[in-house]
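[1] Build me a model from this:
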Amino acid sequence: MLKSIIEWSATNRLLVGLLTLLLAVAGTWATLNMPVDAFPDLSPTQVIIKTEYPGQGPNVVEQQVTYPLTTALMAVPYAQTVRGYSMFGTSFVYVIFEDGTDMYWARSRVLEYLNTVAEDLPEAAKPALGPDASGVGWVYQYSLRDTTGQHDLAELRAMQDFFLRYELQGVEGVAEIASIGGFEKQYQVVVDPQRLSAYGLTIKQVKTALQRSNQDVGGRIMEMGEREFIVRGKGYLQGLDDIRNVALASDRGTPLTIGDVARVQTGPELRRGIADVNGEGEVVGGIVVMRSGENAMEVIERVEARLAELAPSLPPGVEVVTEYNRRPLIERAIATLTTQLTEEMIVVALIVIVFLLHVRSAFVALVTVPVGIVASLLVMYLLGINANVMSLGGIAIAIGVMVDASLVMVENAHKHLEREGEKGSGEEGSSLLALPPSQRRAVIIAAAKEVGPSLFFSLLIVTISFLPVFTLQQVEGRLFRPLAFTKTFAMAAASMLAITLVPALMVTFVKGRIRAERENPIARFFIRVYRPVIRVVLKRPGTVLAGAAVILAITWLPLQRMTMGEEIVPFPQIGSEFMPPLNEGDLLYMPTTLPGVSPQKAKELLQQTDRIIASFPEVESVFGKVGRAETATDPAPLSMLETTIILKPQDAWREGMTKQQLISEMDAALQIPGL
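    Okay, here's the model as predicted:
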């Protein structure tokens, strides 16, 4: 069957070429539209339930909210783990599902169970699902700054909450915009207990009066002068005076209002998160949380474009400053891999040309590489696998093997043409231009059919060698599966091209004078080295196998370490690591302090550490936050500091400075008691 495919492909070259061109165009389109990120998403499918229970301590939150939720959600289908965290006034419940569970199916199941258990929660507890984002969804952070000094932190927070947040949440691919820092404006009624007692009133009456007075009341319709009028009682509170004038009771015909028993004022909401830039003072920040499975590059570009559109709408002197952007990391990672792929292809091309000494034949061997790459990228696109370090790395390690089959097939055609030319002319190494086209085509097809099936199955064997990787589960599966997929796709594409495209190209391009191996000095050198070795190995197979077994055994035998005077076993002492460290180009400083720290002290620690970090000449900017942002994806307590350190390009660093040395110097400078 394979021989028939080879012969059909060599005979129908135009059709094979058109199909290959169609495949290349589709693969190129998929490459340009493929989701791109720096690294694979290792987070499992999870649904977060955030419940606000204002004014309650962690113990009460645990007993009345977190425990009922976690016990009820353990029955959700395919739920693997349910974790609950209780904090002051807030509960976080994480439902982690088995691998392969659809995100939105999981969210709908959790929502069904949440509706049943919500009746058992306190009236003031309001559970809500977190955003449909993964653990690597924080792709962009910005701060809102005022250069004129005319707007305080409360006004900047209002701009963030009621303008920027709503505008950016409508950007395609954005799951949530989380706010951090500043002050949320709050109307506060500070009751005087002595006055309240003197009038015989209670706090509950004050609360009830406020709730009752802050609503509109609809009446019926009156018809007057051939028009209808809707009767309404307008009762929404509009400001401080409206709150002060809310009636509580009457004292001998004189109405008592809230203003008689309390001080009404505006003030900040209780803060559980603070943001700072370079240790220079507080700012208001925003965090763009990307929807799970979206293209990070495109989402960031859309957010940046939308922020540029919104900039003229901000008050004069107020500007949005980027504090963290994942796009440079993605661009560096993709550029590095693209450069490596290009260099590999150039090296392979040079080696093929040097050994074949025939440019058109080298083209036949090399054309399968880009076509195979775009074919594998097309399959990645169809399966929803994004381009990242691991998935593109699978293609990188497959390039050398991808060209192997076509190279062997072309070399075999050269040998057959060389022998046929020698038969026809009676001279070794004579020109083959005199061969009739039909005879040359028959020789090439025969050469391809001779080795094609063997090469096809050899590539399939290499392809299935990565199948055990597909059995990996959990985090290791999510990390290495993209690499195994892309290598398998690339090898499968190369095996198909070897029996279809390569025979068609060989008939078209393998023309002209074909040099014999003896005319190539490099080939002659390696043949001289290779033949004696292979003869010895074939004469003494038992000795060779015994030597290999001894070398293998040495890796497990204990050896004496010369420097330490101790015995070690080489193989177990190599060490292992789950994945190599990824140099993102920036740093994250994330210390913790003692529980129960006050917001003021936490802010002082944040600004102190930020100033120290910003003093290093290698640092471009520092964006620090303490506590949590207004999002279910951030359960950080007030005792946790997170500082994003954006570094300058490495050519702007001090001479001889390395990343590890910079980290060590920062660690030494940040030895603060209690931190």
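[2] CA atoms for contacts and neighbours, from now on please.
    Will do.
[3] Residue 142 is in contact with residue 286, correct?
    Yes - between residue 286 and residue 142 there is a contact under CA atoms under 8 Å: 5.3 Å.
[4] any weak-confidence spans in this structure?
    420-435, 512-517, 556-580 (pLDDT under 70).
[5] which element follows the longest helix along it toward the C-terminus?
    Determined from DSSP state H, the single longest helix within the chain is helix 327-356. Downstream of helix 327-356, the first helix or strand assigned by DSSP states H and E is helix 359-366.
[6] so that following helix versus helix 327-356, what angle?
    Taking axes from the mean of the first three to the mean of the last three CA atoms, to 10 degrees, one finds helix 359-366 and helix 327-356 inclined to each other by 130 degrees.
[7] what's near enough to touch residue 477?
    Contacts were defined as CA atoms under 8 Å, 6 or more residues apart in numbering; by that measure residue 477 touches 469, 470, 471.
[8] Ok, residue 394 next?
    Applying CA under 8 Å, 6+ apart, we find residue 394 in contact with 482, 483, 484, 485, 486, 487.
[9] how much does whichever strand or helix holds residue 487 deviate in direction from helix 359-366?
    Assigned by DSSP H and E, residue 487 belongs to helix 474-499. Angle of helix 474-499 versus helix 359-366, following the same axes, to 10 degrees, is 140 degrees.
[10] Can you give the contact residues for whichever helix or strand comes after helix 474-499?
    Past helix 474-499, further along toward the C-terminus, the next helix or strand under DSSP H and E is helix 501-509. Here helix 501-509 makes contact (CA under 8 Å, 6+ apart) with 6-7, 9-13, 16-17, 20, 360-361, 364-365, 368, 406, 410, 441, 444-445, 448.
[11] how does it look with 6 Å?
    The contact list for helix 501-509 (CA atoms under 6 Å, 6 or more residues apart in numbering) reads 9, 10, 13, 360, 364, 441.
[12] again, but for stretch 118-135
    43, 48, 49, 50, 51, 52, 53, 175, 291, 292, 632.
[13] among the contacts of residue 477, who's most crowded?
    Counting neighbours by other CA atoms under 10 Å, residue 469 comes out on top of these with 17 neighbours.
[14] That residue - that's part of a helix, no?
    Yes - under DSSP: H, G, I helix; E, B strand; the rest coil, residue 469 sits within a helix.
[15] Quickly note the distance from it to residue 99.
    Residue 469 is 15 Å from residue 99, where distance means CA to CA, to the nearest Å.
[16] what does residue 23 give?
    From residue 23 across to residue 99, the span is 32 Å (CA to CA).
[17] ditto for residue 377
    24 Å.
[18] The two: which has the busier surroundings?
    Taking neighbours as other CA under 10 Å, residue 377 and residue 99 compare with residue 377 leading, 29 against 16.
[19] Quick one: distance of the one helix or strand that one maps to to the chain centre.
    Residue 377 belongs to helix 368-383 when assigned by DSSP H and E. The chain centroid and the centroid of helix 368-383 are separated by 21 Å under CA atoms, centre = their mean, to the nearest Å.
[20] swap in stretch 446-456?
    Distance, stretch centre to chain centre, for stretch 446-456: 43 Å (CA atoms, centre = their mean).
[21] One more: stretch 283-296?
    11 Å.
[22] which residues are in contact with it?
    Contacts for stretch 283-296 (CA under 6 Å, 6+ apart): 35-37, 132-134, 137-138, 140-144, 157, 173-182, 275-276.
[23] Buried residues in stretch 469-489, which are they?
    By 16 or more other CA atoms under 10 Å, the buried positions in stretch 469-489 come out as 469, 477-489.
[24] Tell me where the stretch 101-250 of the chain has strands.
    126-129, 138-146, 174-180, 185-191, 217-224, 227-233, 247-251 (DSSP state E, counting those that start in this stretch).
[25] Can you give the strand pairings for the last one, parallel or anti for each?
    With DSSP bridges as the criterion, the sheet partners recorded for strand 247-251 are strand 254-257 (antiparallel).
[26] contacts for the helix or strand just after the partner strand?
    Moving toward the C-terminus from strand 254-257, the first helix or strand encountered (DSSP H and E) is helix 258-261. Residues outside helix 258-261 that contact it (CA under 6 Å, 6+ apart) are 192, 195, 196, 244, 246.
[27] buried stuff in helix 258-261?
    Residues 258, 259, 260, 261 are the ones in helix 258-261 that count as buried (16+ other CA under 10 Å).
[28] do you know how far the second one is from residue 238?
    Between residue 259 and residue 238 the distance is 15 Å, computed by CA to CA.
[29] Ok, the last one next?
    Relative to residue 238, residue 261 is positioned 20 Å away (criterion: CA to CA).
[30] Three-state assignment for residue 47, please.
    Classification of residue 47 by three-state DSSP places it in strand.
[31] Report how many residues lie close to it.
    By the measure other CA under 10 Å, the count of residues near residue 47 is 29.
[32] what do you get for residue 226?
    Burial measure for residue 226: 6 neighbouring residues, criterion other CA under 10 Å.
[33] 13 is where my numbering starts, stick with that
    Understood, numbering begins at 13; the last thing we discussed is residue 238.
[34] Report the spatially nearest residue to residue 81, omitting neighbours in sequence.
    Excluding its sequence neighbours, the residue lying closest to residue 81 (CA to CA, 6 or more residues apart in numbering) is residue 129, at 6.9 Å.
[35] can you pull the contacts of residue 255?
    Neighbouring residues of residue 255 by CA under 6 Å, 6+ apart: there are none.
[36] any idea how far it is from residue 261?
    Counting by CA to CA - residue 255 and residue 261 are separated by 15 Å.
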